[in-house]
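In: Just a sequence and a predicted model for now, questions to come.
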Amino acid sequence: MTEINLEEEFNNVEIVDYDVLVIGAGGAGLRATIEAATQGAKVGVVCKSLLGKAHTVMAEGGAAAALGMADSRDSWEVHFRDTMRGGKLHGNWKMAEIHAKEAPDRILELERWGAVFDRTPDGKINQRNFGGHQYPRLAHVGDRTGLELIRTLQDKVVHEDNVTVHMETTITHLLKEKDQVVGAFGYTREEGALYQFNAKAVILATGGIGKSYKITSNSWEYTGDGHSMAFDIGADLIDMEFIQFHPTGMVYPTSVKGVLVTEGVRGEGGILRNSEGERFMFNYVPEMFAGEYAETEEEARRWLNGDDSARRPPELLTRDIVAKAILSEVKAGRGTPHGGAYLDISHRPSEYVKKKLPSMYHQFKTLAGLDITQEPMQVGPTTHYIMGGVRVDPETQATSVKGLFAAGEVAGGLHGANRLGGNSLSDLIVFGKRAGEHAAKFAQEASNVPQPGKDTITSIIAEVLAPFEEGREENPYQIHRDLQEMMGENVGIIRDEERLTEGINQLKQFAERVNNAKATGTRQYNPGWHEVLDVQRMIKSSMLFAVAAKARKESRGAHTRDDFPKTNKDLTNVLYIVRKDEDGNPIIVEEDMEPMPDELQELIEVEY
Amino acid sequence: MAEDLKVNLNVQRGTPESGIHMEEYEVPVDPKMVVLDAVHELQAIQAPDLAVRWNCKAGKCGSCSAEVNGKPRLMCMSRLSDYDLNETLTIKPMKTFPLIKDLVTDVSWNYEVNKNIKPYAHPEGTEYHKMYQEEVDRVQEFRKCIECFLCQNVCHVLRSHDRKDAFAGPRFMVRLASLEMHPLDTADRIPDIREKYGVGFCNITRCCTEVCPEEIPITDEAIIALKERVVDRYYDPVSMFVRKLFVRN
């Protein structure tokens, strides 16, 4: 490529103005957009992919909400209790309370907007059992609930008058002047054109980080953009050490290793067995849940047949527990030929399986040549979700930087040390709405929002176009593969001081190495160029969870330290905040969480 | 990579401005890969700027539609082992939409069509409206659509005759059917289905149904059903009489 003319590039930047800019068009981003537009704000939504393709589309099992339609014993109090216990008491109790109380309204609202959930025999929304939820709680559509959610929100968004959607547009930087967020900078895939979005308020809804790992259920988009961009402008992040490894990803064939197998399989009665045929989850019920799960196969079978007096099968323990159980079985030499566990749903009627789990049936049939109504699947842990994220105010979703809001996976707090299945889709719509509402209010009240200076924009342009410079050597795809190997090795499911230190050191080298990554060809729809920018973001966000993982010297929920295998109750209420220091490096600041009021504490019944 | 298996990929490259051509590559693969993996392997090693659209690689987002050996497919759900790997594998973008670059096309027309479809209209009032599973089975079938636009790509009306001005295409017949058959929806789209969206253009060749990765019975359940509703409204003698009476008064 010829020399970059920064002056000319600066003059060619397209400038667009909004009241509220939403970055990300998954469930949280779209729900925020609808709310901000309803409040009268002029809203721009930017998404890396086409509209309707965001990662939400891959959510399978359902959205948790205590509607009490499938079991009238359910209530917000029980949902709150389950969420807090699932998060190993480390979740933000205020968020968990808001979430449990508001999720039912958000689900009913989706139905008023055209969503068609599976029904109960008496014509209400059917709700499915899931890990860690005491009652059947997940509103669902077979095993494609995320698609239903995103399509419903998408169709609502495109009919809003004051909303503009920027498809296949990537945000590379947040813009900040003085102490306030004033917009974002990015580029379009189709033309490689540079864009400056000025906005009075910005909502981050960028999802997660899974592409830092090789074995992952996450899509192309999950490169930690929001986490690292928020860090860059000085926002606080919390709970970054908690990354969920979903217990059931495909392990075979190798090219699809990591692709998700919905927890709905276990919700519909799926059984886990080791290579010796043993139903091993009975051996892994932890103290916190003692007495709450079935103790024999016979009792589990009665539960499946609708006997209210029987307890839930242990396959429905929380994800952190099931993932570790599978790993332990494999380690003990009782794994399947492809290094996982058997997950079997073939004891249920074939037609029922095809009706309730159609995409699982299809996925295994097409990719593995296996009929799940006849044979067991082989499954093992896969990187799935980051509990941690940008620290937000529970009520407003405002971050520690003025004008910046965050919702969905990129925000931290609700899920604590481990997220319950089904709590993600409900998180998106509960807190997406709140973020939209409060960002719109903030924008209405904002006056004299400064414009970003020419110097700021010019230096960003130089950074974004740098991969085209002469003399760069490295292949960004190779750096990405090496990063994934290294992260799996050093910042994976099982961690210790030595490996985490090694991981952090290596990430520093990766940060150097990516400065030499090259892009070739033109700027038009250029995946190589995009890969350089993505890998930069992945390296930066990986550092955030590596340092947090090193700081937490205990095992809790999804965070497992070989050198500190026990949960330390003194650390239940300790937050490790990741923050940028003056040199731009992440530092850890320890802070005590606000104590839970007694009336909520009583609901939880257990202490750590 | 297992053994030294290599496959020849013949891939369309270029843009309308720079000109398009087919380029042949020898790509190391594992036979357990899907076609999209092979394209990624090619991108990572030999052609870093090769444009391909993809997201989930799990058949759920509908981004990686292309024509593999002339057959429209999702590349992520096409196993290499289903092809004779001694033969060259030809990969081209969808033909019906304007090319952007390499394997990526401009599908924005679809989004424009959707924007103009009357959205779902819920009954007024605050009471909770029940729906029964048997009433929603068909609607749920339509709502499985992942918008891969492969049905649009193979539809003769759009592909051979380029009548995007007159026919909304199978994808949106499915969308319209999901709204029209929703047990609670109160809007009326039948006049639009006849005039604006041109349901009459479909001559029931069922090509769309054949390529649907979600196996939605597009022609039989959506398009024919909509055709019947249009006929009932406009050509049924009783309703024609009632309408004439109504219009006169």
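Out: Okay, I see it.

In: Just name the shakiest helix or strand of the chain by mean pLDDT.
Out: Since no chain was named, I'll use chain A. Least confident element among the helices and strands of chain A, by mean pLDDT, DSSP states H and E: helix A:358-368 (a mean of 92).

In: Please put the alpha-carbon coordinates of that one into PDB.
Out: The C-alpha atoms that make up helix A:358-368 are tabulated as PDB, following Å, rounded to 0.1, in the frame of the first residue of the first chain:
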ATOM      1  CA  PRO A 358     -34.700 -29.700  16.600                       C
ATOM      2  CA  SER A 359     -31.400 -27.900  16.000                       C
ATOM      3  CA  MET A 360     -29.500 -30.300  18.200                       C
ATOM      4  CA  TYR A 361     -30.900 -33.100  16.100                       C
ATOM      5  CA  HIS A 362     -30.000 -31.300  12.900                       C
ATOM      6  CA  GLN A 363     -26.500 -30.300  14.100                       C
ATOM      7  CA  PHE A 364     -25.400 -33.800  15.100                       C
ATOM      8  CA  LYS A 365     -27.100 -35.400  12.000                       C
ATOM      9  CA  THR A 366     -25.300 -33.000   9.600                       C
ATOM     10  CA  LEU A 367     -22.000 -32.400  11.300                       C
ATOM     11  CA  ALA A 368     -21.300 -35.800  13.100                       C
END
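
In: Now that helix: buried residues?
Out: For helix A:358-368, a neighbour-count test (16 or more other C-beta atoms under 10 Å in any protein chain shown) marks A:Pro358, A:Ser359, A:Met360, A:Tyr361, A:His362, A:Gln363, A:Phe364, A:Thr366, A:Leu367, A:Ala368 as buried. To be clear about C-beta, it is placed using only N, CA and C from the backbone, and glycine gets the same treatment.

In: JSON lines for these, including distance to A:His55?
Out: Formatted as JSON lines, the buried residues of helix A:358-368 follow (distance: C-beta to C-beta, whole Å):
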{"residue": "A:Pro358", "distance to A:His55": "20"}
{"residue": "A:Ser359", "distance to A:His55": "15"}
{"residue": "A:Met360", "distance to A:His55": "18"}
{"residue": "A:Tyr361", "distance to A:His55": "22"}
{"residue": "A:His362", "distance to A:His55": "19"}
{"residue": "A:Gln363", "distance to A:His55": "17"}
{"residue": "A:Phe364", "distance to A:His55": "21"}
{"residue": "A:Thr366", "distance to A:His55": "21"}
{"residue": "A:Leu367", "distance to A:His55": "19"}
{"residue": "A:Ala368", "distance to A:His55": "23"}
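
In: which ones among those residues come in contact with chain B?
Out: Taking C-beta under 8 Å from any C-beta of the partner chain as the test, chain B is in contact with A:Pro358, A:Ser359, A:His362, A:Gln363, A:Thr366, A:Leu367 out of those.

In: and which of those is nearest chain B?
Out: A:Thr366 (5.2 Å; C-beta to the nearest C-beta).

In: Tally up the residues packed near A:Glu97, please.
Out: 21 (other C-beta atoms under 10 Å in any protein chain shown).

In: Is it located within a strand, as I assumed?
Out: No. Under the criterion used here (DSSP: H, G, I helix; E, B strand; the rest coil), A:Glu97 is helix, not part of a strand.

In: Pretty sure A:Phe80 is one of the things it touches, is it not?
Out: Yes. The pair A:Glu97 / A:Phe80 is scored as a contact, 5.7 Å apart, by C-beta atoms under 8 Å.

In: so where is chain B shaky, pLDDT-wise?
Out: B:1-3, B:239-240, B:243-244, B:246-249 (pLDDT under 70).

In: Helices of that one, start to end?
Out: Assigned by DSSP state H, chain B shows helices spanning B:35-45, B:108-116, B:133-142, B:150-154, B:156-159, B:170-180, B:190-194, B:207-211, B:224-234, B:237-248.

In: go on, the stretch 151-300 of chain A?
Out: A:225-232, A:264-267, A:297-304 (DSSP state H, counting those that start in this stretch).

In: okay, the helices of chain B, which one's buried deepest?
Out: With neighbours defined as mean count of other C-beta atoms under 10 Å in any protein chain shown, the helices of chain B peak in mean count at helix B:150-154, which reaches a mean of 27.

In: Which residue ranges make up the domains of chain A?
Out: By the assignment in automatic domain parsing, chain A contains the domains A:6-244+A:384-445, A:246-383, A:454-592.

In: Quick check: which of these is buried the most?
Out: domain A:6-244+A:384-445 (a mean of 24).

In: Now distance to chain A too, for the helices of chain B, in JSON lines please.
Out: Shown next, in JSON lines, are the helices of chain B (distance: least, C-beta to the nearest C-beta, whole Å):
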{"stretch": "helix B:35-45", "distance to chain A": "4"}
{"stretch": "helix B:108-116", "distance to chain A": "5"}
{"stretch": "helix B:133-142", "distance to chain A": "4"}
{"stretch": "helix B:150-154", "distance to chain A": "14"}
{"stretch": "helix B:156-159", "distance to chain A": "18"}
{"stretch": "helix B:170-180", "distance to chain A": "8"}
{"stretch": "helix B:190-194", "distance to chain A": "15"}
{"stretch": "helix B:207-211", "distance to chain A": "14"}
{"stretch": "helix B:224-234", "distance to chain A": "17"}
{"stretch": "helix B:237-248", "distance to chain A": "27"}
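
In: can I get those in TSV with distance to A:Ala139?
Out: Output for those, formatted as TSV (distance: least, C-beta to C-beta, whole Å):
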stretch	distance to A:Ala139
helix B:35-45	32
helix B:108-116	24
helix B:133-142	13
helix B:150-154	29
helix B:156-159	36
helix B:170-180	18
helix B:190-194	30
helix B:207-211	30
helix B:224-234	27
helix B:237-248	38
